Structures are given as structure tokens and as C-alpha cells.
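**Q** Prediction below, plus the sequence it came from.
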Amino acid sequence: MPGAAHESMVKVLKEHPAWFDLLLKTLKRRGLPKGLRLDDSALQAVLTIDRRPDVFWLHPRRSWALAEVQVTWQAEKVASWIVTVARLVAEHKVMGDLFRVTVLPSVATKEAPGEARGEARAGLRRPRADRAVVRAGGDGDDGGR
């Protein structure tokens, strides 16, 4: 059950979004997107999510890992990775890792926008949307694939 400190902060954010906007601008040089309005925070939906990562490893109740092989940079896959990681965390109740595997330097140096790195509090590892890029030798030629 949320305590008084939590509920007080929620109330301030709901009643004074301009204050939060100012705080963001001060700290990050960027505020809330224009045109936002307060809405119902009960974000419940029944969705069928069909994701098929290239490789999936699981150690039940301990960890999981995904490998996504990319021979070209596909920015649209980033949203797919976020949904897949969120689903796996919710289902398995543990954090895991997503590895992007490529032989091309141009793909290896691309970064997913807003990628998460590092450790979170409470001893849980945060999922890393692009934890490691594994390059398999070669001169960067993908063999025409």
C-alpha cells in the first residue's frame, strides 16, 4: 500500500504538472511534450503479443537472455525489443539481457535510443536493451546477406 509520501507526490504531479515540467527543463533541458493532459492511469489491456526473438535462453526464476542477429540496422526493431523485454520481465519476474549480434561495424556502433545500462536499486538488474554488441570477426562484409 503506497504511503503518505508517495500519495502526496502523486497529488502534486496531478494537480501541478507545470511544476514537473519546470523541474524537467531545469534538470534535463527538456520538459514534458506539449499537449499532454491528465488521463486515467489504470492502463489495463488484454493484448496478444507475438514476439519471436532469434534466440531465447531461460533459467527459470533466475535469468533469461535474448540474442537478436542484425546484418543491417533496423531502428523499427527497437520498439519490438522493448515490448519483448517488458513481457519477459512480467512473465518470469526476473531481469534478463538482450544481445544484438552483428558482423558489421556500422551496425555495431548504432545505439538504441534511450538504452538502459547499469544497475538498479533493490538488487535487481535493469534490462539492457542493447547490453552488448557481439561482432564475429571479419572485415565487415556480411557476405551479401
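**A** Alright, I've got the coordinates.

**Q** Helices along this protein, start to end?
**A** 4-15, 17-28, 77-92, 105-108 (DSSP state H).

**Q** What's the separation between residue 6 and residue 13?
**A** Distance check for residue 6 against residue 13: by C-beta to C-beta, to the nearest Å, it reads 11 Å. Heads up, the C-betas are built off the backbone N, CA and C, glycines and all.

**Q** so where's this structure uncertain?
**A** 44-45, 111-145 (pLDDT under 70).

**Q** Could you list the domains of it?
**A** For the chain, the structural domains run 1-43, 55-135, going by automatic domain parsing.

**Q** Please state the offset of the shortest one from the chain centre?
**A** This means domain 1-43. 21 Å (C-alpha atoms, centre = their mean, to the nearest Å).

**Q** Now the terminal residues of it, how far apart.
**A** This stretch, domain 1-43, spans 18 Å end to end (C-alpha to C-alpha, to the nearest Å).

**Q** Same question for stretch 98-106.
**A** End to end - C-alpha to C-alpha - stretch 98-106 spans 19 Å.

**Q** same deal with stretch 47-65?
**A** The separation between the terminal residues of stretch 47-65, taken as C-alpha to C-alpha, is 23 Å.
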